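In: Turn this into a model:
(one chain, ligands or ions: 1)
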Amino acid sequence: MVEDQSANAESKAEVMDLTEAWTRVLAGLPPNQRAWLTNSRPVTLHESTAIVAVPDDFTRGQLETRLRPDLERILTESFGRDIRIAVTVDPSLDPELREPAPTQPVVQAPAVQSAPIQSGALAPGQSLQQPAVFQPGQSMQPGQPMQPSQSMQPAMQPNQQHGIQHAPVDRIGQPTSVAPPPNGSPIQSASDSQGEARLNPKYTFETFVIGSSNRFAHAAAVAVAEAPGKAYNPQLIYGDSGLGKTHLLHAIGHYVRSLYTGARVRYVSSEEFTNDFINAIRDDKAAQFQRRYRDVDVLLIDDIQFLEGKIQTQEEFFHTFNTLHNANKQIVISSDRAPKRLEALEDRLRNRFEWGLITDIQPPDLETRIAILRKKAATERLTAPPEVLEFIASKVQTNIRELEGALIRVTAFASLNRQPVDLSLAEIVLKDLIPEGSKPEVTASMIMGQTASYFGLSIDDLCGSSRSRVLVTARQIAMYLCRELTDLSLPKIGQQFGGRDHTTVMHAERKIRQLMSERRSVFNQVTELTNRIKHQAKQQ
Ligand SMILES: Nc1ncnc2c1ncn2[C@@H]1O[C@H](COP(=O)(O)OP(=O)(O)OP(=O)(O)O)[C@@H](O)[C@H]1O
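Out: Reported below is the predicted structural model:
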């Protein structure tokens, strides 16, 4: 007991020492390096390892790649012995995350700026190697465009050197790249609490695996994030479903926000943009709507193909585009097709998309798929031997969302059966998931019909508002399957289920993934339903 107390006292003293030493570290760094550590916190000193928490993956990357030698040198001097650093991510250190989350993500009021930020407030003359600060009164210098070489050779390309990147592991052996969102809360709550940007904390450049299929799109995205409004404007990324377009859009948003403090970034799917526009007209709030989308430094607009055929929304988007472009604000667009093939989009819009840089993403090759699975396994703390990852990667070839889904199913099955994850187990699980032969098309109505009849419910029940436990689970399973087996976007799936918000679908997807590894009944229900739905699809 006495020993415990003294050990305790000793460790408290070490933490105090570490805190003091950290203050010295900060004081000893040049201001541009110190800026990276403003929101960092020393956690504890364990033997010769100082654990330091930082708010996000990006800062962790900076600390590990650029600052580590200086930090370890100063800490070693302070303690008079060799000190190494291990970095952990604690999103609550992000000051933005401490802001109250808006309650209505889709039709929300525009952010109230505490101090008015002048248009084009990118701090002039700031080096891209250090975080810039958006300051009131500063203005962008349209007359000083970024040199192409500057933008294409950014100072920091988070995972450029490695080609294919593997999940970073800290010095005490823990994967550190993605911090899980707060317990039980949907991903959206984390995104929402990042203010207007609404970015998924998991979709960063650090978690994006680069391969030949996406290298160009990735490099352009990094360049755009480093010089918003200057490098390529707009940037358009296109490719089939589940290949990482949304991931790249969010990654641009995160990176801009980490480089330019106070940058106003807004991510929106074009379905939400449309809904928002319709609501604004209905509620006579056009001015608010316009402010929301025009008073930003970076607008990330996903799945632009959804605007096809929507004349009024296209018109509104056209003006939004022009306003932003004229003010040298960055626009990044994703689409499931090349702009030329967006036939039901007005010519003037298509034409504008061609002003900037168009990059495509192709299905990843085998090595990239394996690397993606490896990273996914590390970030989600799933254990699977290399031969299993290779097997899954060889079976699921075209959609990364399905690839991840297959890994989750295999590991969930193993954990439920208290069996190790091995090849024979993976073969059993994937045999049902991926039947041989051509891929039959699964629709949302098939999924909803099969789910309803499996649980003895009606489609109206699935779309209704009852929150009885069985109904909630059935509804969430149906949403999960829509996500996994169809190409429908989150808002589209929400619409199918009685006009629910896309965040509800995100939550359902996460919830079912989790329940599948915890409850055998849920795993069996999902597996059985998948079989029935695929069987039905084959008959059509
Ligand atoms: N290169 C990559 N590295 C790591 N994860 C990836 C990569 N590409 C895609 N993913 C993951 O695959 C999943 C699907 O990606 P994403 O949602 O970005 O696809 P998408 O192209 O936007 O699809 P959709 O058009 O259906 O919306 C996400 O979980 C994403 O993190």
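
In: Pull up the residues of the stretch 101-250 of the chain that are close to the ligand.
Out: 203, 207-209, 214, 239, 241-247 (Cβ under 6 Å from any ligand atom). (C-beta placed from N, C-alpha, C; glycine too.)

In: Okay, and which of those residues map to helices?
Out: The helices, defined by DSSP state H, take in 245-247 from those.

In: List buried residues within those.
Out: 245-247 (16 or more other Cβ atoms under 10 Å).

In: Output those residues as CSV; include the columns pLDDT.
Out: CSV is the format used below for those (pLDDT from 0 to 100):
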residue, pLDDT
Lys245, 97
Thr246, 96
His247, 96
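
In: now, which of the residues you listed sits nearest Gln495?
Out: Nearest to Gln495 among these, counting by Cβ to Cβ, is Thr246 at 17.7 Å.

In: dump the residue contacts of the closest one.
Out: By Cβ atoms under 8 Å, 6 or more residues apart in numbering, the contact list for Thr246 reads 203, 302, 334.

In: check which helix or strand covers Thr411.
Out: Using DSSP states H and E, the element containing Thr411 is helix 400-416.

In: Check the burial of the closest residue to the ligand within the stretch 101-250 of the chain by counting its neighbours.
Out: Closest contact between the stretch 101-250 of the chain and the ligand, by Cβ to the nearest ligand atom, is at Gly244 (2.6 Å). A count of nearby residues for Gly244, using other Cβ atoms under 10 Å, gives 23.

In: what about the residue nearest to Thr274 when sequence neighbours are not counted, neighbour count?
Out: Nearest residue to Thr274, sequence neighbours excluded (Cβ to Cβ, 6 or more residues apart in numbering): Thr313, at 4.7 Å. When neighbours are counted by other Cβ under 10 Å, Thr313 registers 20.

In: how far away is Thr313 from the ligand?
Out: Computed as Cβ to the nearest ligand atom, to the nearest Å, the Thr313 to the ligand distance reads 19 Å.

In: Assess the claim that that residue and Ile301 are in contact.
Out: No: counting by Cβ atoms under 8 Å, Thr313 stays clear of Ile301, with 11.5 Å between them.

In: so what sits against both of these two?
Out: Shared contacts of Thr313 and Ile301, defined by Cβ under 8 Å, 6+ apart, comprise 270, 273.

In: who's in contact with Gly405?
Out: Counted by Cβ under 8 Å, 6+ apart, Gly405 has contacts 433, 484.

In: Please shift the residue numbers so they start at 521 in all later answers.
Out: All right, first residue 521 from here; so that's Gly925.

In: if we can go back for a sec, including distance to Ile1032, could the buried ones among the ones in helices among the residues of the stretch 621-770 of the chain next to the ligand go into JSON lines?
Out: As requested, those are arranged in JSON lines below (distance: Cβ to Cβ, whole Å):
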{"residue": "Lys765", "distance to Ile1032": "23"}
{"residue": "Thr766", "distance to Ile1032": "20"}
{"residue": "His767", "distance to Ile1032": "21"}
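
In: What is the neighbour count of whatever residue of the stretch 921-1060 of the chain ends up closest to the ligand?
Out: Distance from the ligand to each residue of the stretch 921-1060 of the chain (Cβ to the nearest ligand atom) is smallest for Arg921, at 4.1 Å. For Arg921, the neighbour count with other Cβ under 10 Å is 17.

In: cool, and Val992?
Out: Val992, neighbours per other Cβ under 10 Å, totals 13.

In: in the helix or strand harbouring it, what's buried?
Out: Per DSSP H and E: Val992 is located in helix 989-1005. By 16+ other Cβ under 10 Å, the buried positions in helix 989-1005 come out as 991, 993-1005.

In: Repeat that for stretch 1017-1034.
Out: By neighbour count with 16+ other Cβ under 10 Å, stretch 1017-1034 contains the buried residues 1017, 1020-1033.

In: what's the distance between that stretch and the middle of its chain?
Out: Centroid displacement of stretch 1017-1034 relative to its chain, using Cα atoms, centre = their mean, to the nearest Å, is 16 Å.

In: does that stretch come close to the ligand?
Out: No: judged by Cβ under 6 Å from any ligand atom, stretch 1017-1034 and the ligand are separated, with a smallest distance of 9.9 Å.

In: separation between Gly548 and Arg593?
Out: Using Cβ to Cβ, to the nearest Å, Gly548 is found at 9 Å from Arg593.

In: Return, as residue ranges, the portions of the stretch 771-920 of the chain with sub-threshold pLDDT.
Out: For the stretch 771-920 of the chain, no stretch is flagged by pLDDT under 70.

In: mind listing the strands for it?
Out: 780-781, 785-789, 818-822, 850-855, 877-881 (DSSP state E, counting those that start in this stretch).

In: Could you dump those into CSV with mean neighbour count added?
Out: Shown next, in CSV, are the strands of the stretch 771-920 of the chain (neighbours: other Cβ atoms under 10 Å):
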stretch, mean neighbour count
strand 780-781, 20
strand 785-789, 24
strand 818-822, 25
strand 850-855, 27
strand 877-881, 20
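
In: And the residue in the stretch 821-970 of the chain that the ligand sits nearest to, how far from Phe725?
Out: The minimum distance from the stretch 821-970 of the chain to the ligand, using Cβ to the nearest ligand atom, falls at Ile920 (3.5 Å). Computed as Cβ to Cβ, the Ile920 to Phe725 distance reads 16 Å.

In: More neighbours: the two, which one.
Out: Each of Ile920 and Phe725 has its neighbours counted (other Cβ under 10 Å); Phe725 has more, 27 against 23.

In: my read: the more buried one touches Val776, true?
Out: No: applying Cβ under 8 Å, one finds Phe725 not in contact with Val776, separated by 11.1 Å.

In: Give me the common contacts of those two.
Out: Common neighbours of Phe725 and Val776 (Cβ under 8 Å, 6+ apart) are Ala745.

In: Run through the helices of the stretch 871-1020 of the chain in chain order.
Out: Secondary structure of the stretch 871-1020 of the chain by DSSP state H, counting those that start in this stretch: the helices cover 886-899, 906-915, 920-936, 943-953, 964-975, 979-983, 989-1005, 1010-1016.
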